[in-house]
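>>> What follows is a predicted protein model with its sequence.
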Amino acid sequence: MGWRFWKLGEDKPLRDRIIESIKSIEFHKRELDNIKRRLEARKEKLFNLTVKALEAKDKVRAKVYATEHAELKRVIKVVTISELALTQIAIRLESICDTGDVIVQVSAAFKVVKKIGEELSSIMPQLETTMKEVNDVLVETMSSLQQITPETPITLDLSSGEEILESAKKYVEEKISSLEEPLPESLQGEYSLEKIQNIALLASGDDEEEPFKATLLNAPRPTPEQAILDNRVLEYIRANGSYNVVEIASCLGVPVDKVEQSIFRLAAAGKIHVGEVG
């Protein structure tokens, strides 16, 4: 189907506005990547602090560190999925400019723009304006088609928009396994944030306060499967020295989260020290 770019509302041709939207999306993708890098750095720090607290038998502090660590992983997952989805939106907008394949590309992008805007509004408010601008461009693109007599009827198919989000989520979940895995049993209990609100722990918090005093319960015995993994992790650390969790997981062929949970158990049992983990 042949079509041309109409001048809609503003003086700029629609093609130029689409190109501007692509540039804006690329800018925010870079911002999201920077946010993700900072979150990843803090997540690694919180992991090490959890291990340190477990070694010190400070269960209250360990629970707060571990809870914040788990929350950061969920945020990182949202940011990563959104970053991938924005990439696919930009590709579809580029396809409009390159091929004029408006119906397929625009209808699919509609749903993604709406979904991404909702999920990222609390993390990155400035992106909401960009998503609105992109949405306006898509609306005007579809409006322009009313002035064209297509060879075939125009039918909006939003299912491909869902496919964009699902493919992004699937990719992320393959790379980041078990993001919703619960805290290890040794960190579970009746504590609440209200009960331990005197613990200063934020993404930029001070980690060098005096140790807290708390009555701790002995960590429960690991399951047979957990015990096997714990032995493998312990042997690896002893044989190779200071390695980060990702390296251990890669070498042992197990998910990162499983290695993290194993190190938590080993630290709580006094079998490793902070200096041994990366």
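Arrived safely, thanks for sending.
>>> List the buried residues for the strand or helix carrying residue 250?
For residue 250, the host element (DSSP states H and E) is helix 245-252. Buried residues in helix 245-252, counted by 16 or more other CB atoms under 10 Å: 245, 248, 249, 252. (Glycine included, C-beta is placed from N, CA and C.)
>>> Using CSV, lay out those residues together with distance to residue 28.
Shown next, in CSV, are the buried residues of helix 245-252 (distance: CB to CB, whole Å):
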residue, distance to residue 28
245, 30
248, 34
249, 31
252, 37
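>>> which one among those residues gets closest to residue 15?
Distance to residue 15 across the buried residues of helix 245-252 (CB to CB) is lowest for residue 249, with 46.5 Å.
>>> so who does that closest one touch?
Each residue near residue 249 by CB atoms under 8 Å, 6 or more residues apart in numbering is listed here: 255, 256, 258, 259.
>>> ok, back up a step: which of the buried residues of helix 245-252 sits closest to residue 53?
residue 245 (16.5 Å).
>>> wait, isn't that closest one in contact with residue 258?
No: contact between residue 245 and residue 258 fails when scored by CB atoms under 8 Å: they sit 9.9 Å apart.
>>> Tell me where the model's unsure across the chain.
1-12, 14, 97-220, 242-243, 274-278 (pLDDT under 70).
>>> List the buried residues in stretch 42-58.
42-58.
>>> Top of the contacts of residue 249 by number of neighbours, please.
Using other CB atoms under 10 Å as the neighbour test, the contacts of residue 249 are led by residue 259, with 24 neighbours.
>>> give the contact list for that residue.
229, 233, 245, 248, 249, 252.
>>> ok, residue 39 to residue 33 distance?
Residue 39 is 11 Å from residue 33, where distance means CB to CB, to the nearest Å.
>>> of those two, who's got more company?
Per other CB under 10 Å, whichever of residue 39 and residue 33 has more neighbours is residue 39, with 18 against 12.
>>> can I see the domain layout of this structure?
Following automatic domain parsing, one finds the domains of the chain at 14-175, 221-278.
>>> all helices of the stretch 1-150 of the chain, in order?
Counting by DSSP state H, counting those that start in this stretch, the stretch 1-150 of the chain has these helices, from start to end: 14-55, 59-99, 102-120, 126-144.
>>> by contact count, what packs against the first one?
Of the remaining helices and strands, those touching helix 14-55 by 3 or more CB pairs under 8 Å, 6 or more residues apart in numbering; DSSP states H and E are helix 59-99, helix 126-144, helix 256-268.
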